[in-house]
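S.K.: only geometry, no sequence info:
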């Protein structure tokens, strides 16, 4: 049950931060925080790097399908007696995916706002961080076997 709570907290934290950014920053507004870190409010109608931005049906199908696949994988891990870190990785990936999917459903786009000024770095959000962290945890926990 703790694992599902991690998923819910992750998605909720993502949606909360996006709501705050939409409220306090105009779309396109960029504000320096410290060093190379910026808050830069942008909308993403597609998937990573705005891919498929002109095809909402495909974006929704890919997003929904990915969330369903990760949810099935997480439930499999929970029933199979997998280790905590394997389940944690899947929970973070699912929480991030759900945060972005819910944002897409509610707003017809995803709010991105975290920017680190480094070469061609993307602008991302809490869901993206959770998904990447979940992937890292999954790979590391898999290497331990």
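M.R.: Received it, and whenever you're ready, just let me know what you need. Quantities reported herein were computed from a predicted structural model and do not represent experimental measurements. Numbers count the residues shown, from 1 in each chain.
S.K.: Quick one: mean pLDDT for the helix or strand residue 38 falls within?
M.R.: Residue 38 belongs to strand 37-44 when assigned by DSSP states H and E. The average pLDDT for strand 37-44 rounds to 94.
S.K.: now swap in stretch 14-33 and tell me
M.R.: The average of the pLDDT scores along stretch 14-33 is 96.
S.K.: Need the residue closest to the centroid of the protein.
M.R.: Nearest to the geometric centre of the chain sits residue 127, at 2.3 Å (Cα atoms, centre = their mean).
S.K.: need the contact list for that residue.
M.R.: Neighbour list for residue 127: 10-11, 14, 95-100, 103, 110 [criterion: Cβ atoms under 8 Å, 6 or more residues apart in numbering]. In short, each C-beta sits where N, CA and C put it, glycine included.
S.K.: Buried residues of stretch 129-137, list them for me.
M.R.: Residues of stretch 129-137 classed as buried: 129-131, 133-134, 137 (neighbour count, 16 or more other Cβ atoms under 10 Å).
S.K.: er, stretch 9-17 I mean
M.R.: For stretch 9-17, by 16+ other Cβ under 10 Å, it's 10-11, 13-15, 17.
S.K.: now it, how far from the centre of its chain.
M.R.: 9 Å (Cα atoms, centre = their mean, to the nearest Å).
S.K.: ok, now stretch 117-136?
M.R.: Chain-centre distance of stretch 117-136: 8 Å, with Cα atoms, centre = their mean.
S.K.: which residue sits closest to residue 17, ignoring its sequence neighbours?
M.R.: residue 126 (5.0 Å; Cβ to Cβ, 6 or more residues apart in numbering).
S.K.: hang on, isn't the one you found packed against residue 19?
M.R.: No: counting by Cβ atoms under 8 Å, residue 126 stays clear of residue 19, with 11.3 Å between them.
S.K.: When the two are compared, which one has more neighbours?
M.R.: Counted by other Cβ atoms under 10 Å, residue 126 and residue 19 do not tie: residue 126 has more neighbours, with 22 against 14.
S.K.: which residues does the more buried one contact?
M.R.: 10, 13-14, 17-18, 96, 99, 114.
S.K.: One more: residue 116?
M.R.: 36-38.
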